[in-house]
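1. following is a predicted model, sequence given first.
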Amino acid sequence: MRIRLLKNQTIGDRLGMSVSLVVMVLTFSLLNENYFQWANFQSILISASLMGLVAVGESFLIIAGHIDLSPGSVSAMSGVLVAVLLGRGVGAFPALILVALVGMGIGYLNAALVTRLRLEPFIATLATMSIIRGAAFIINNGKPAPISDELYLSFGVFPILGLPVPVWLLVAVIAVFSVVLSRTRFGRNVYIVGGNATAARLAGIDAKKLVTKLYMITAGLSALGGAMLASRMNVGHPAASNGLEFDAVTAAILGGIAFTGGVGNLAGTVLGILVLQGFNNGLLLMNVPSFWQYVARGVLLIVALSFDFVRNRRR
Amino acid sequence: MLFPGVRALDKVSFTARSGEVLALLGENGAGKSTLLKILNGDYPPSEGTVALDGRELALKSPHDAIGEGISVIYQERQVVPHLSVAENVFMGHLPLGVGGLIDFGRLHRETTALIADFNLPIKSTDRVRSLSVAYQQMVEIMKAYSHPGTKVIAFDEPTASLSDEESATLFAIIRRLKAEGLIVIYVSHRLKELAPLADRAVILKDGRFVAERPMASCDELELVKLMVGRDIGDFFDTLHRNAEPGGLILSVRNLSNRKLKNIGFDLHAGEILGLGGLVGAGRTEAARAIFGADPIAEGRIVLDGRPVRIGSPEEAIRLGIALCPEDRKLEGIVPRRSIRDNISMVILRRLSRLGFIDFRAERKVVAEGIRDLRIKTPSAEQHIVHLSGGNQQKTILVRWLAMSPRVLILDEPTKGIDVGAKAEIYQIICDLAREGLGIIFISSELTELIGICDRIVVMREGEISGELLRSEATEDSLLCLAMLGHKGRIGCED
């Protein structure tokens, strides 16, 4: 079997984003000498490490025709929960595993709301977004929970080959899930269910089971990312990660994953993550006030999708 | 009216006088619905004109049609369920009062008067969604009627989902519209209800005008005869068919659910069993129930002598039953995926090891399918949506054949595809029968049912109304069973 990472892609699909990434890096590098620095790239990757994890989960969900709005809340709740667990004397690794399992449990709840109660994914996860955010505050009476466990604090910062663990975690997750999406039956069924759920059902594919797994993966990754963030920050903050899911969805869409479902791949999402974080970082270095960063990000999204629109019409 | 490759209507002319109820008759696909859509401004005619009161109309949209005084009441309700009866009836011309605000007092007074006029047991303030389908339809009729300048009201199968009593109410209203000098155009399959209602019948066939008859001097059987009477192409004689069906594979007994009553039939290996009947007779529902796609309330399915319970398509597939669904676009193709992905989706489990797809095995199956069924495509990686209808259908066929089914259910497999592809699909079906598959073939085209099936079971209103052997199946006998529920006596078997 030959390895064909770019299978089923026309060059045009990725060319636009690749070129934008290069142009963006060049522009920011010319405008600010601090941009094209290893230290800055490190900081881009570190800040991408949480959002990237969520973007992988959202990519799977959107390809399958679903969406999850709760990752920001799940991530914050996990940060607080892991801090509280550590404070009660639970070991670093057991605490991390426990939090990931709780995250997957929330994912199962999301899936149950969607597949059993037949709620729209947007509405179901809007509700859990609110509930879990509340839980994040309730767990520690609204106070940030500090972390003092040395081993746990090292998770977020321990460097391997010059990059901290969360970055490698993201790299590993992307590698594994790229293979899952492009080479396994599970990955293929994600596309089929998103491309035509009725046809999938008539072909004997159990869409409910598949979608349940996807919500569990997304929430599990969000929880893991939130726990890593708490480790980096020495604290589990209940108000953390606000709007995380929207950054992740933005990255996925920038990467060519269509809301209509059935289309896209993780190579695109990786580009989307890099463009979005590289862009945020560049604006930050140039001292663009944060209010304008929101505006700029919205414009970026519209411009990127207009390219898509034009390209699709030409076909 | 031209559809790609198909002429849905070919130079049809007819007239109607005010105060007349004109029935439009024809088999499935005769062009009745297309004609209504032209009247409603949904499709522009490629040739020909529509004139009202001697003036030629340019109908480019339903809005134009209503403006010119033509309203079409479709089978699907066109109401806003969350609004009141009054708001629906006067939609688009609500009475306005002070400051351009809606004058609700006048709105409800006028609607109440109209309801009393039509003698209906509903209130102007009722939400439309709380009404039965029948009364929702009445709301639509009142809407058409209340619109200033309405001269023509056309109905498409209006009694399809009505009870006998509700139908009687509808007929009373139609007589009233007629008495007030409106033109009523009435499309229906139900010949029995037409006799007392319609003044004249215009019969269409294959998009062409066949005949016009006054209803008073015409009987049901004559109408049925006029609707058929086409030469069955010689093509079917050249098919290389299976001479000797084998043993029993599938028997269905007393199958019932919300849409089906007491369905039962046998299917033998190597047999092509037709399921005939009008659109909506329950053929698709029967197929879906057997395939586990719809729940079964009662009944038994015996496969290879063993009673089986089929609760989902997954279980049906495991038992070797395949269903090639009716609506290719909605239920068949995954549009933005390749031919390869579209073919392998049913057998992906077999093509995977430890969850990983064996791409070499997959490509082999796909390449064989493309070759065997002669799918015209530059490559297996082509998105299926870029293929022609016929090649899409062949791709879906390969999807199901790849699982090596014992029983293959084909629901309208030749719908919307060109003649050449149709001929190929007929031959494929016959070849499969020779290989020993049991095939259930659902079609609304009488010629192809008669042409390729060994036996035809005819359904009507969710029940089986009869069974015809290949030797006794004619378009007349099929239509009699499908429309009247019996084989007909006079002149129906010649």
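-> Done, it's in.
2. use CA for all of it now, contacts and neighbours both
-> Noted.
3. which SSE is immediately downstream of the helix or strand of chain B with the lowest mean pLDDT?
-> The weakest-scoring helix or strand in chain B, judged by mean pLDDT, DSSP states H and E, is helix B:220-227 (a mean of 77). Remark: after helix B:220-227, the chain's next helix or strand is strand B:248-256, criterion DSSP states H and E.
4. remind me what that following strand packs against, helices and strands.
-> Packed against strand B:248-256, as judged by 3 or more CA pairs under 8 Å, 6 or more residues apart in numbering or on different chains; DSSP states H and E, are the following elements: strand B:263-268, strand B:298-303.
5. can you pull the buried residues of the least confident helix or strand of chain B?
-> Applying a neighbour-count criterion of 16 or more other CA atoms under 10 Å in any protein chain shown, one finds B:220-221, B:223-227 buried in helix B:220-227.
6. on contacts alone, who are the packing partners of it?
-> With contacts defined as 3+ CA pairs under 8 Å, 6+ apart, the packing partners of helix B:220-227 are strand B:200-205, strand B:208-214, helix B:475-479.
7. and B:I296, which of those is closest to it?
-> Proximity to B:I296 (CA to CA) singles out helix B:475-479 among the helices and strands packed on helix B:220-227, at 27.2 Å.
8. tell me the angle the least confident helix or strand of chain B makes with strand B:208-214.
-> Orientation check (axes from the mean of the first three to the mean of the last three CA atoms, to 10 degrees): helix B:220-227 against strand B:208-214 gives 160 degrees.
9. extract the CA atoms of helix B:220-227 and return them as CSV.
-> Output in CSV follows, covering the C-alpha atoms of helix B:220-227 (Å, rounded to 0.1, in the frame of the first residue of the first chain):
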residue,chain,number,x,y,z
GLU,B,220,-64.6,3.5,-16.6
LEU,B,221,-63.3,0.7,-18.8
GLU,B,222,-63.3,2.8,-21.9
LEU,B,223,-61.3,5.4,-20.1
VAL,B,224,-58.8,2.8,-18.9
LYS,B,225,-58.5,1.5,-22.5
LEU,B,226,-57.8,5.0,-23.7
MET,B,227,-55.1,5.6,-21.2
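10. tilt between that helix and strand B:200-205?
-> Relative orientation of helix B:220-227 versus strand B:200-205 (the same axes, to 10 degrees): 40 degrees.
11. contact partners for A:A124?
-> A:A124 sits next to A:110, A:113-114 when contact means CA atoms under 8 Å, 6 or more residues apart in numbering or on different chains.
12. quick one: low-confidence parts of the chain?
-> Using chain A. A:1-15, A:307-315 (pLDDT under 70).
13. wrong one, I was asking about chain B
-> B:1-8, B:28-29, B:228-235, B:418-419, B:487-494.
14. spatially central residue in it, please.
-> Centroid-nearest residue in chain B, with CA atoms, centre = their mean: B:V279, separated by 3.7 Å.
15. how far away is that one from B:W400?
-> B:V279 sits 24 Å away from B:W400, going by CA to CA, to the nearest Å.
16. over to B:L162?
-> According to CA to CA, B:L162 and B:W400 sit 37 Å apart.
17. which one of the two is surrounded by more residues?
-> Set B:L162 next to B:W400 and count neighbours by other CA atoms under 10 Å in any protein chain shown: B:W400 wins out with 25 against 16.
18. which SSE is the most centrally placed residue in chain A in?
-> In chain A, the residue lying closest to the centroid (CA atoms, centre = their mean) is A:V54, at 1.8 Å. Following DSSP H and E, one finds A:V54 within helix A:38-63.
19. at contact distance from chain B, anything in that helix?
-> No - Helix A:38-63 does not reach chain B (CA under 8 Å from any CA of the partner chain); its nearest approach is 11.6 Å.
20. tell me what that helix is packed against?
-> Judged by 3+ CA pairs under 8 Å, 6+ apart, helix A:38-63 is in contact with helix A:165-183, helix A:185-195, helix A:207-233, helix A:244-254, helix A:266-285.
21. give me the contact status of the first one with chain B.
-> Same thing as helix A:165-183. Yes - Helix A:165-183 lies within reach of chain B by CA under 8 Å from any CA, at A:R183.
22. what comes up buried for that helix?
-> Judged by neighbour count using 16+ other CA under 10 Å, the buried positions of helix A:165-183 are A:165-170, A:173-174, A:177-178, A:180-183.
23. can I assume B:G466 sits in a strand?
-> Yes - assigned with DSSP: H, G, I helix; E, B strand; the rest coil, B:G466 falls within a strand.
24. chain B contacts on chain A?
-> Contacts of chain A with chain B, taken as CA under 8 Å from any CA, map to A:1, A:8, A:183-186, A:188-189, A:191-192, A:195-196, A:198-206, A:262-263.
25. what subset of those residues is buried?
-> A:8, A:183-186, A:188-189, A:191-192, A:195-196, A:198-206, A:262-263.
26. which residues does stretch A:248-256 contact?
-> If you take CA under 8 Å, 6+ apart as the criterion, stretch A:248-256 is touched by A:13-14, A:17, A:51-52, A:54-56, A:58-59, A:259, A:263-273, A:275-276, A:301, A:304-305, A:308.
27. going through those residues, which ones are buried?
-> Neighbour-count burial (16+ other CA under 10 Å) is assigned, among those, to A:13-14, A:17, A:51-52, A:54-56, A:58-59, A:259, A:263-273, A:275-276, A:304-305, A:308.
28. next secondary structure after the helix or strand encompassing B:A168?
-> Element membership of B:A168, judged by DSSP H and E, is helix B:164-179. Moving toward the C-terminus from helix B:164-179, the next helix or strand (DSSP H and E) is strand B:183-187.
29. number of nearby residues for residue 49?
-> Picking chain A for this. 25.
30. wait, chain B
-> By other CA under 10 Å, 14 other residues sit near B:T49.
31. count of residues packed around the residue lying closest to it once chain neighbours are set aside?
-> Leaving out its chain neighbours, the residue that sits closest to B:T49 by CA to CA, 6 or more residues apart in numbering or on different chains is B:E56, at 6.7 Å. Applying other CA under 10 Å, we find 10 residues neighbouring B:E56.
32. with B:D53 instead?
-> By other CA under 10 Å, 9 other residues sit near B:D53.
33. hang on, the earlier thing: is the residue nearest to B:T49 in contact with B:V50, as I believe?
-> Yes - contact criterion CA atoms under 8 Å: B:E56 and B:V50 qualify, at 5.9 Å.
34. which ones are touching B:V85?
-> B:111, B:123-128, B:139.
35. need the buried ones from these selected in PyMOL.
-> Per 16+ other CA under 10 Å, the buried members of these correspond to this PyMOL selection:
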select buried, chain B and resi 111+123+124+127+128+139
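36. which of the contacts of B:V85 fall in strands?
-> Here DSSP state E is the test, and the contacts of B:V85 give no hits in strands at all.
37. with adjacent residues omitted, what lies nearest to B:L59?
-> Excluding the flanking residues, the one nearest B:L59 by CA to CA, 6+ apart is B:G41, at 4.7 Å.
38. what about the one you found, neighbour count?
-> B:G41 is flanked by 22 other residues according to other CA under 10 Å.
39. that one: which element?
-> Using DSSP H and E, B:G41 maps to neither a helix nor a strand.
40. how about the single nearest residue of the stretch 351-494 of chain B relative to chain A, phi and psi?
-> Of all residues in the stretch 351-494 of chain B, B:F356 sits closest to chain A, with a separation of 4.2 Å (CA to the nearest CA). Backbone torsions for B:F356, taken as degrees, to the nearest 10, come to phi -90, psi 130.
41. from B:L354, how far off is the closest residue to it other than its chain neighbours?
-> Spatial nearest neighbour of B:F356, chain neighbours left out: A:T184 (4.2 Å); criterion: CA to CA, 6+ apart. In this view, A:T184 and B:L354 are 9 Å apart by CA to CA.
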